[in-house]
Structures are given as structure tokens and as C-alpha cells.
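Visitor: Sequence first, predicted coordinates after that:
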Amino acid sequence: MGRHWTKRPWQALRDLSDRTPLRTKLITSLLVLVAAALVAISVSSGWILRSYLTTQRDSQLQSAFNVLSDQADGFVPGQVGMIKGTNILVGVQEPGNPLSILGGQSGIPNWGGSLQFQSLPAVPMSRAWANANSGELVTVRAEGSNDTWRVITEPVSYQLATDQGTVQVNGTLVLGTDLGNISTTVGRLLGAELIVGLIILVILTMAIVAVVRANLRPLVDIEETAGEIADGHLNRRVPERDPRTEIGSLGRSLNIMLSQIETAFHAREESEAAAHHSEERMRRFVADAGHELRTPLTAIRGFAEYYRQRGGLVPHWDRGVPAPPAAPAMAGGLTPDDLDRIMQRVEKEAARMGLLVEDLLLLARLDQQRPLARQPIDLLSLAGDAVHDARLLAPSRTIDLSVQPGAAFLVTGDEPRLRQVIGNLMSNALTHTPDGTPIEVSIGSGTLDPRQPNSPLAVTLDVTDHGPGMTPEQAQRVFERFYRTDQARTRATGGSGLGLAIVNALVTAHGGVASVRTAPDQGATFRIALPLDPEAHGGAAADDDPDLDEAGDEAGSTVPEAGSAAAEGTVPQGQDRGRA
């Protein structure tokens, strides 16, 4: 915990540095260095001046002390005097009494007459202090003021005459000089240096800003060039400068890179244009081929049905009447039975090709984004019809329909197309699961895409089977056109690989999302989510179906909703497996 808290200030400073522009950091750094240099110059100059003046006073004090230290007996205790021609105070301090300027000293060589001191030094009256600092130059405060004094002291003994006689008294010889002038001089110097420093700082600030902006101009040019390139002007380049400089070398490297990017981008555009053109031609070909194939296929089916309706070549006898002998083979070597079987096969294949052509034409129309019919539709009614039809087709299967209570299931769309969506899902479940496998259809309310925040309300329909399921690789491609999990594409598994592609395309055209959740040996659940009709918003529940989520989690792999992504022909990444 302690380490965490100690790192936070440094992390905050690092984050602040990362958010600060380079221009600001350079200007601030230079100004801080200049200000620090000015402060250092001011402090050092003041210290040097004070040391110089103090050293002069110390020399005078030391010389006077050497002369007067042996003449303390002639001084008047408690009173001070001034040495002529100097600013040096001299006196003997009595024990327990401070110095006083009253009276005058006698017996002092070069006595100067009147005193010029505004204050006296507050020398400690302790005998121990005097012994500890004997002969040493020390600085003390003045009495009653903020001035300072430079003093040198020495313990002395002298005879003091009293009414009772002469007594031996211990005192302190004090020589000092007032440093008030030195402090004033140093203060004036520092004030002048402060004013001059501020002026210099302002001038340097303007100069530094100009220099930094001028030197960072190449980076601004690079930034502007990058912005224009981002706007689509790929032919823009960074202005060339001397490649021996860092900016010049950077600009040259960027121009080389931009040239390569422009070349690659144009090549990609040409490739995409060619692919788009080829895709458009393929779609037109499929649509044209579908239209051209529809007429002959209809004719083939018509002739085959007409042949069947006329009874074919082999008459159908009642069971109680013995059949006639087999007809002889025709000139081509085919018997009437063979011809009947061929015509039946032709009719079935023509019907199969007709369905394939219709599916291709539907996908072509969806690719062209042709408008669909828009009207309120009860999705529950469509689901009920699809379940009823499936029960008629597979009476041996258990096909259940469950409905979430208390919700409205109105959507806006094209009813025939939505019936085709649900029918394809039911056909997929019936075709790709063993006989007798139960199928569950559930309808409820939720959100269009639970992965997105504030996803709009939607009606969800799930078709769940308990078949073999799919691998994640198969589930990724389940909504692709012509994709089938049966690589051999045998007729036993049925389908052309367009059923789920049509489901995805139609759901996407309705603004919905198609998805699959599956795992090997865990079955598959195909879900469609369609936007809820505005008239039904009051009775819709916004939560998703928890049972489906739990089923998907237990299965161990899921393919997320493929709604908007499916419009581009892709399915979002997942781990489920689907069938076409």
C-alpha cells in the first residue's frame, strides 16, 4: 500500500507531462532555468558583497581588539565609547547589566568624542558565553532593533571602588561595529537585482517564445500536412529542409513513407474498384442468368407435370387386376418404366433448380437494396404458423412454441419475407438434425444487440434444435452464401447453402440482427432480433432472454449477433457452429 501511494505523485507528474504540449514544456523549462540562474546570481552576489564588507569590519575589529585588550582597566564599566576615525564601539559590560551610551569613556586612545550609535549590541551577559567566545568574531542582534552587530569579546577583571572599599569585578570587554549599513546595502542590491531580473525574465520570455515557435515551425508544418492527408489529400508532402538536421531527416523519411502509402492506397483503390466492378458484374450475371433460367425451367417443369398428369407411358392398374406384361423397349433402348422415372427425375431437378433460381433472384434484389413492404406484423402469429407447418411436415418430432408473457411482439416489415425467414430456420432445423430430434421455438422481447449500450428494444425469436451442433469454424461461416457444413454436398443433407444467407440478408434488410449459438454435440440455437414496432414500446420488456444466455454459456461457445456486420457479408467473431 505504501509503495502504491508513493508512486502516485510521480505518476501524476508523468501524466501531466504527457498531456502538456512540447512547445509549452520547452518554454517553461527554459524560463525555469533562467529564473533559477537569476536567483542564483542574486543570492551569490549578495553573499559575496556581505562577505566582503564583513571581512573589512572584521579586520578593523581584530586590530582594535589587539590594541585595547590590555587596556580594559581604564574603561568605565557599563559605558561605551567610539574609537576616533572608525565606527567601532568599545566598552566593558558589567555582569547583569547591559551596555549603556550614557556618559563617556576615558582612557581610550584616539577617543572620538560624541557617540553616533543608534543602537547597542545585545551581548549575552553570561560568563560562560564570554569564555566560550573569547577572541572570536561573532554576529549578535542589536538591542531594541532589527540591526545586527559584529562583535569580538574577551572576559576581563577590574577593580571597582565602592563605599566599602575596592572589590574585584569580572566583566566582558566588548568591541563591535554596526552592520546595519551592510544589511541595507545588501538589501538594496537584492532589490535592484530583483527588478533587473524581472525585466530580463520578461525580455527572455518573449525571445524564448519567438525562438521556440520558429524552431518548432517545421513540426507544425508536419502536423498540418498530416491533417491534410487525413482529409484525403494524399499528394501533400512535408516541406523539404536540410537533411543534416533532425527535422530535415524526419521530413525526408516521412515523405518517403507518404509516397509509399499513397502508392499502396491507390493500388488498393484500384484493386477494390476492380473487385467491386467484378462483384457487380457477377451480381448482374446472377440476376440475368436467373431471369433467363426461370423461363426454360418453368417450361421443363410444365412439360414434366403434363407428362405425369397424362399418366406417362405405363398405365396404373388396380391392385386386384393383374398388370399387363412389360412393354417392349423403345427404339432408343428405354422401356416405358425407364422413361417414367427419367421424367420424374427431370421434374424434381427442375423444381430444385427453380427454388435455387428464386433464391438467387431474391439475394440479387436484396443486394440492390430494393425497398421492402413496411407494415405492423405480429411475429408471434408468424411463428405459430411456422410451427404448425413444421408439425405437419414432421409429425414424428416434438416441436414446441414458448412465449414470454407480458410482452408485445409487433415489428415493422414485409410479412412474406419474414415468413420466409422463419420458414428457412425451421427447414434448417428439420433438415440438419436426425429424425425424432425435438425442436424448440421461443419468442420474447429484449434488445437488438446486447453487446451495445443503449441498444433499442427488439422482438427475439429463437429456433433451438438438439442436433450435432457445429464447430467454431463452421459457425463463423454459417451465414455465408453457398456454404454448407457437408463438404461433399450430398443430396441427403439437402439445401443449396442459401437458406441461412437469405435469413441473414432479410433480417439485416429489416434492421435486425441474426446470430447463432452452438457447440459440437450441443445443438444449435439460431436467433433473429427485429426492432420493436413503435406502437408496442409501452408493453415491451427490455431484458434479454436469460435462458438462451445460460444455454449459450453451458454450450461453451457462442457466435455473437451478426446484424449490422452481416450486411457486409461477414459474421462477428465467435465460437459457435451453424449449418447452411
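Guide: Sure, I can see it.

Visitor: for stretch 189-209, what is the average pLDDT?
Guide: The average pLDDT for stretch 189-209 rounds to 90.

Visitor: repeat for stretch 51-59
Guide: On average, stretch 51-59 scores 82.

Visitor: So what's the gap between it and the chain middle?
Guide: 65 Å (C-alpha atoms, centre = their mean, to the nearest Å).

Visitor: Put the alpha carbons of it into CSV.
Guide: What follows is stretch 51-59, C-alpha atoms only, in CSV (Å, rounded to 0.1, in the frame of the first residue of the first chain):
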residue,chain,number,x,y,z
SER,A,51,31.2,38.7,3.0
TYR,A,52,33.4,41.5,1.5
LEU,A,53,32.1,44.2,3.7
THR,A,54,32.0,42.0,6.8
THR,A,55,35.6,41.0,6.2
GLN,A,56,36.6,44.7,6.2
ARG,A,57,34.9,45.3,9.5
ASP,A,58,36.4,42.1,11.0
SER,A,59,39.8,43.3,10.1
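
Visitor: who's in contact with that stretch?
Guide: 137, 150, 177, 179, 182, 185 (C-beta atoms under 8 Å, 6 or more residues apart in numbering). Heads up, the C-betas are built off the backbone N, CA and C, glycines and all.

Visitor: which SS state does the closest residue to the third one other than its chain neighbours fall under?
Guide: Sequence neighbours aside, residue 57 is the residue nearest to residue 177 in space, at 4.8 Å (criterion: C-beta to C-beta, 6 or more residues apart in numbering). Each residue gets one of three states, and residue 57 gets helix by DSSP: H, G, I helix; E, B strand; the rest coil.

Visitor: count of residues packed around residue 57?
Guide: 21 (other C-beta atoms under 10 Å).

Visitor: cool, residue 218 as well?
Guide: 18.

Visitor: next one: residue 395
Guide: 8.

Visitor: before we move on, what about residue 520?
Guide: Neighbours of residue 520 (other C-beta under 10 Å): 16.

Visitor: quick one: which helix or strand includes it?
Guide: If you go by DSSP states H and E, residue 520 is not part of any helix or strand.

Visitor: Give me the nearest residue to it, chain neighbours excluded.
Guide: According to C-beta to C-beta, 6+ apart, the nearest residue to residue 520 is residue 469 (4.9 Å).

Visitor: Distance of the one you found relative to residue 335?
Guide: Separation of residue 469 from residue 335 (C-beta to C-beta, to the nearest Å) stands at 47 Å.

Visitor: list the helices and strands the lengthiest helix in the chain packs on?
Guide: Identified as the longest helix of the chain according to DSSP state H is helix 246-309. Counting contacts by 3 or more C-beta pairs under 8 Å, 6 or more residues apart in numbering; DSSP states H and E, helix 246-309 packs against helix 180-230, helix 336-367.

Visitor: can you redo these as JSON lines with distance to residue 532?
Guide: Formatted as JSON lines, the helices and strands packed on helix 246-309 follow (distance: least, C-beta to C-beta, whole Å):
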{"stretch": "helix 180-230", "distance to residue 532": "39"}
{"stretch": "helix 336-367", "distance to residue 532": "23"}
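
Visitor: Out of those, which one sits most buried?
Guide: helix 336-367 (a mean of 16; mean count of other C-beta atoms under 10 Å).

Visitor: after it comes which helix or strand?
Guide: strand 375-378.

Visitor: just the helices in this protein please.
Guide: With DSSP H as the criterion, the chain has helices spanning 2-19, 22-68, 127-132, 180-230, 246-309, 336-367, 379-393, 415-431, 472-476, 499-509, 546-555, 563-566.

Visitor: hey, which of those helices is tucked in deepest?
Guide: helix 499-509 (a mean of 24).

Visitor: got the angle for that helix vs helix 415-431?
Guide: Going by axes from the mean of the first three to the mean of the last three C-alpha atoms, to 10 degrees, helix 499-509 is angled at 150 degrees with respect to helix 415-431.

Visitor: so how far is helix 499-509 from its chain's centroid?
Guide: 35 Å.

Visitor: could we number from 841 for the rest of this?
Guide: Fine by me, first position is 841 from now on; the one you just mentioned is helix 1339-1349.

Visitor: CA-only coordinates of it, as CSV, when you get a sec.
Guide: What follows is helix 1339-1349, C-alpha atoms only, in CSV (Å, rounded to 0.1, in the frame of the first residue of the first chain):
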residue,chain,number,x,y,z
GLY,A,1339,-31.2,-20.7,-46.8
LEU,A,1340,-29.3,-19.1,-43.9
ALA,A,1341,-27.8,-16.5,-46.2
ILE,A,1342,-31.3,-15.4,-47.1
VAL,A,1343,-32.2,-15.3,-43.4
ASN,A,1344,-29.3,-13.1,-42.6
ALA,A,1345,-29.9,-10.8,-45.6
LEU,A,1346,-33.7,-10.4,-44.9
VAL,A,1347,-33.2,-9.8,-41.2
THR,A,1348,-30.5,-7.2,-42.0
ALA,A,1349,-32.8,-5.5,-44.5
